[in-house]
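1. Need a 3D model of the sequence below.
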Amino acid sequence: METLLALIGYKRVNVSSGGHDVVRAVLTLSVAVALNGAVGSPLRSQVVTPDTACIVMGMPTNGRLSPLDSLTFEVRGELVKICYGRPSARSRTMIGGRAVPYGRLWRTGANEPTMIHTTTPLDVAGIRIEPGSYSFYTVPAEDEWTVIVNRSITQWGHIARYTSRVKAQEVGRARVPRERLADHVETLTFRAERGVETRTVLLLEWEHTRVRIPMAAATVAP
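-> Coordinates of the predicted model:
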């Protein structure tokens, strides 16, 4: 597995490759407690802001208009963490507007690209990923969104930094439906809820948009 880049107290350090155990060491800085519940019930998790286990690039975390946040939850007993910048609408049309236009690659947050850290092989909307850290992008549209998982975790989130070299590291793309929310969500929010059987659903909600991203533990590769 590629060397993982972790942040402890916002000091950049290299973590030597160690597979599953290295990622678990990073994720256990924020421990999730998943409770038994019905399908659609929320998963309780510890959310830390700012988060010392998230990757930070260049810009100080203090004073950001879109603060760094994270969500840690369990998928079939294994830890998964989402790190993302949280922009707010502030009376603007964001999704489908100038900031996040339809049909264009989006970092799915602000500042650094949104990132997924997993301690287990994971199926993300049909995209299989191994234990490790990944950047997470989307292409919004009115009816369905494209989700993109990428192995590269060192680039800034702006579309201009999604070079051909970064694109070549894509693990896969998948499409998920977009739902319309009746109530306005002011600030981009990720949350997790229990899905069917052993699945977990990651929900992205902002303004009047909700996107459900199914996640499940994948079998260990031979």
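2. So in terms of bridging, what pairs with the residue nearest the centre of the chain?
-> By C-alpha atoms, centre = their mean, the chain has its centre lying nearest to residue 82, at 3.9 Å. Beta bridges link residue 82 to residue 71, residue 116 when assigned by DSSP bridges.
3. Read off the pLDDT value for it.
-> Looking at residue 82, its pLDDT is 96.
4. In contact with residue 145, which residues?
-> Going by C-beta atoms under 8 Å, 6 or more residues apart in numbering, residue 145 touches 138, 139, 175, 176, 177, 178, 211. Heads up, the C-betas are built off the backbone N, CA and C, glycines and all.
5. what's the burial count for the first one?
-> Read it as residue 138. By the measure other C-beta atoms under 10 Å, the count of residues near residue 138 is 22.
6. Helix or strand: which one has it?
-> Counting by DSSP states H and E, the element that carries residue 138 is strand 132-139.
7. Rounded mean pLDDT for that strand, please.
-> 97.
8. how about it: buried residues?
-> Going by neighbour count (16 or more other C-beta atoms under 10 Å), the buried part of strand 132-139 is 132, 133, 134, 135, 136, 137, 138, 139.
9. Same question for stretch 182-198.
-> 185, 188, 190, 191, 192, 193, 194, 195.
10. Need the contact partners of stretch 169-189.
-> Taking C-beta under 8 Å, 6+ apart as the rule, stretch 169-189 contacts 66, 84, 86-90, 109-110, 124-129, 134, 140-152, 204-214.
11. just the buried members of those residues?
-> By neighbour count, with 16+ other C-beta under 10 Å, the contacts of stretch 169-189 hold 84, 86-89, 109-110, 124-125, 127, 129, 134, 140, 145-152, 204-207, 209-214 as buried.
12. Strands - which of the residues you listed land there?
-> Counting by DSSP state E, the buried ones among the contacts of stretch 169-189 place 84, 124, 127, 129, 134, 145-150, 204-207, 209-214 in strands.
13. if we can go back for a sec, any chance of the buried residues of stretch 182-198 in TSV, plus pLDDT and distance to residue 163?
-> Listed next are the buried residues of stretch 182-198 as TSV, based on pLDDT from 0 to 100; distance: C-beta to C-beta, whole Å:
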residue	pLDDT	distance to residue 163
185	98	32
188	98	25
190	97	26
191	96	32
192	95	31
193	93	35
194	85	38
195	78	35
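14. Of the residues you listed, which is the nearest to residue 219?
-> Closest to residue 219 out of those is residue 195 (17.8 Å), distances taken as C-beta to C-beta.
15. Disregarding flanking residues, what is the spatial nearest neighbour of that closest one?
-> Using C-beta to C-beta, 6 or more residues apart in numbering and skipping residues adjacent in sequence, the residue nearest residue 195 is residue 201, 4.4 Å away.
16. who's that neighbour bridged to?
-> Bridge pairing for residue 201 - DSSP bridges - gives residue 193, residue 214.
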